[in-house]
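Novice: Predicted model follows, preceded by the sequence.
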Amino acid sequence: MYEPVPIKAMDIVVCIKQVPDVPSIRMDRQRMTIIREGVESIINPLDCVALEAAFGLRDKEGGRVVVITMGPPQSEQALREGLALGADQAILLSDPLFAGADTLATSHVLARAISKIDPLPDLILCGMHTIDSDTGHVGPQIAEELDLPQVCGVNEIHMDGDSLVVKRLSDGFLETARVTMPALLTVTHALCIVRDLPLASLERAFSKSEIMRWGLEDLGLNADEVGLMGSANRVSRLHPPTPKRQGELVDGDPQALLDRLLRKLEALSILDEQDGNE
Amino acid sequence: MNLEPTMKQSVIRRSVRKFAEDKLAPVTAEMERTGKFPWEIARQMSRLQYFGLEIPSEYGGAGLDSVSCAMVIEEISRVNAAVGLCLSVHNSVSAYPIYRFGNECHKERFLYPLASGEKIGTFCLTEPNAGSDASSLETTGVRDGDEFVLNGNKIFVTNGGISGINLVFAVTPGAGNSKRFNVFVAESERDGLEKGPPEELMGMRGNPICPISFHDCRVPLDNLLGEEGEGLKIALSTLSGGRLGIAAQSLGIAQASLDTSLKYAKERHQFGRPICEFGAIQAFLADMGTRVEAARLLVYRASFLKDQCVDHVKESAMAKLFASELAVDAARMGLQIHGGYGYTKAYPIERFYRDAKVCEIYEGTSEIQRMIISRSLMRQ
């Protein structure tokens, strides 16, 4: 067990993304398109976990939390929600030329913006993946561009002097790592429970707080580094997968069926052997 | 004419809906079964300023506009109408009148604990012989030195069983047969204030609606709200605002009835297909959906007018009338869609059916709303 050690206040940057509320997305099965009407935009749920973790570290050790996003102007709503949840400052990276960016171009813009924040952050937190594109690329790519140590999929964070001790589940193993700061972590749902939004914080977040807005020129980037031109990937088509029903119809004695089901789940690593025997 | 919510209002609606679905929904069945008020949920709501919706932040509230307040009540009521009722009455007809008509001393003593949720508020108007005819109330508040002495009986006090601060409407006899209507703030711990057991009601289980009686209950002169004789004005103004809260609550119940009926109609199969493919069911759903949209427009337009400080007495009455009658109809149609299963407690529609009926009665019956609306129309 790691005993908490008092350290200096931390400057933390949290990268968030405004995404469609995916569970409420419906498919038009006749046109095979996504029905976007009435689908709300939310902060990516794992980014809310990253924010909550940042608040916990700040509230315990002191410091500042800056929330940052790259997106169209309406992404401002996500930033203001981040401010209402407790962030101290918000930065919107928005420019028409940023449109169409893949994860590489997105990471490049975010990394450049983070490098311009004064003072430079001690810690960058990202959600492990988003509920829309689900790549998990942006955090690691930011870390690589900024030459920072990174750990992905963190579910515990402890302070120990000037470094962090973090834990993550990887391929069925629990890994513990010591990371010197500055560093980047991507987080999972297991890390912490996200707070509910206090209504009294909305006034400050929506009326009194300024959002810093940076575009291409503010970041000193060229058009061919960002957006569609700066992307290594092109999305050629977006379509729902063809359903392929896979199943096995069984019958027989209930106890025998139960044993068979448990062995099947163990073979698929959904249950481990010990759980199956209990 | 922009009917879209602002960015802030969208965030409010989504965050309250999330709270209601994640935290309130799991305790609703237990609340229904036991009839007990969910104190742990109330504590969580107080930390989020749900008990000080319209009260400015300098008094510990959230400082929201009326449209946002209606959203909060609607989203909570969509999941649990009894808790929605608690919030509506506490905010609209207990905390808000103190903010509107109280002096700084009242705000210091009463508004902070109400806005923070430390104390729950009530609005004690109805009596055994004074329902719709509020002006015939018989509870008295007689001045005796530097105190008023309250005597009388109030019934059907929403939040009564859990309240800490009570707004009490009483008459102060004057010369001859004259009387002045006054509003007093009576803390629950005052000697002479007695709460009866909660009523066993058809719905709204978990909200301890109970009688409160006053036997020589003494309150300081400072506990008079507003000027002497302003009681009727305060009551009518307060009820107008309270109407919007109940309209929002009713809209929440109606929306919940529609949501659950849509889900059931898609899942239930009869004669080899989902029942949502049958014309009779489609007619129910179309009626429910259309009227929910209409109610939504009425509720939020009336709230918008209140925010603009424009007279909204007629619009509030229309919103309350339409939404409350819709809540009853939507629950009835929804229960019909559910068929036999809807009559069981396995599905929430029966709770919506039981909860909805009182919306046509309290905070001004539908008949009173029609009277208000017609008088307003005839003045035009």
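Specialist: Yes, it's here.

Novice: is the closest residue to residue A:148 other than its chain neighbours in a bridge, and if so with what?
Specialist: Nearest non-adjacent residue to residue A:148, counting by CB to CB, 6 or more residues apart in numbering or on different chains: residue A:184, 5.0 Å away. (C-beta placed from N, C-alpha, C; glycine too.) Judged by DSSP bridges, the bridge partners of residue A:184 are residue A:124, residue A:150.

Novice: Correct me if wrong: residue A:184 contacts residue A:145.
Specialist: No - Residue A:184 is not in contact with residue A:145 according to CB atoms under 8 Å; the separation is 10.2 Å.

Novice: For the two, indicate the residue with more neighbours.
Specialist: residue A:184 (27 against 16; other CB atoms under 10 Å in any protein chain shown).

Novice: Now do the helices for the stretch 51-200 of chain A: every range, in order, please.
Specialist: A:76-85, A:103-115, A:138-145 (DSSP state H, counting those that start in this stretch).

Novice: Give me the domain ranges for chain B.
Specialist: B:7-120, B:123-232, B:233-379 (automatic domain parsing).

Novice: In JSON lines: the ones you listed, plus distance to residue A:260.
Specialist: Shown next, in JSON lines, are the domains of chain B (distance: least, CB to CB, whole Å):
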{"stretch": "domain B:7-120", "distance to residue A:260": "34"}
{"stretch": "domain B:123-232", "distance to residue A:260": "45"}
{"stretch": "domain B:233-379", "distance to residue A:260": "29"}
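
Novice: Can you tell me the closest non-neighbouring residue to residue 136?
Specialist: I went with chain A, as the question did not name one. residue A:129 (4.0 Å).

Novice: Let me rephrase: I mean chain B.
Specialist: residue B:130 is the one closest to residue B:136 (CB to CB, 6+ apart), at 4.9 Å.

Novice: Tell me the buried residues in the helix or strand harbouring residue B:30?
Specialist: Residue B:30 belongs to helix B:25-34 when assigned by DSSP states H and E. Within helix B:25-34, the residues that count as buried by 16 or more other CB atoms under 10 Å in any protein chain shown are B:27-28, B:31-32.

Novice: Count residues in the vicinity of the spatially closest residue to residue A:20 that is not a sequence neighbour, would you?
Specialist: Using CB to CB, 6+ apart and skipping the chain neighbours, the partner closest in space to residue A:20 is residue A:39 (4.9 Å). Neighbours of residue A:39 under the rule other CB under 10 Å: 15.

Novice: Assign residue A:39 to helix, strand or coil.
Specialist: When classified by DSSP: H, G, I helix; E, B strand; the rest coil, residue A:39 comes out as coil.

Novice: lowest-pLDDT helix or strand in chain A?
Specialist: Of all helical and strand segments in chain A, the minimum by mean pLDDT, DSSP states H and E falls on helix A:273-277, at a mean of 56.

Novice: rewinding a little: contacts for the helix holding residue B:30, please.
Specialist: B:36-38, B:40-41, B:79-80, B:82, B:205-206, B:345, B:351 (CB atoms under 8 Å, 6 or more residues apart in numbering or on different chains).

Novice: How about the residues of chain A by chain B?
Specialist: A:40, A:42, A:76-77, A:80-81, A:84, A:196-200, A:202-203, A:206 (CB under 8 Å from any CB of the partner chain).

Novice: Any chance of TSV for the helices of the stretch 51-200 of chain A, columns mean pLDDT and distance to residue B:230?
Specialist: Shown next, in TSV, are the helices of the stretch 51-200 of chain A (pLDDT from 0 to 100; distance: least, CB to CB, whole Å):
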stretch	mean pLDDT	distance to residue B:230
helix A:76-85	96	38
helix A:103-115	96	58
helix A:138-145	97	61
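
Novice: Which stretch among those helices is buried most, on average?
Specialist: helix A:76-85 (a mean of 24; mean count of other CB atoms under 10 Å in any protein chain shown).

Novice: So which residues make contact with that one?
Specialist: A:14, A:16-18, A:41-43, A:48, A:51-52, A:55, A:67, A:69, A:71, A:90-92, A:195, A:197-198, A:201-202, A:204-206, A:209, A:211, B:7-8, B:10-11.

Novice: Pull out the buried residues from these.
Specialist: Judged by 16+ other CB under 10 Å, buried ones among those: A:14, A:16-18, A:42-43, A:48, A:51-52, A:55, A:67, A:69, A:71, A:90-92, A:197-198, A:201-202, A:205-206, A:209, A:211, B:8, B:10-11.

Novice: What does the pLDDT read for residue 272?
Specialist: Since you didn't name a chain, this refers to chain A. Listed pLDDT for residue A:272 reads 68.

Novice: hm, I was asking about chain B
Specialist: At residue B:272, pLDDT is 95.

Novice: Could I get the contacting residues of it?
Specialist: Counting by CB under 8 Å, 6+ apart, there are no residues that residue B:272 touches.
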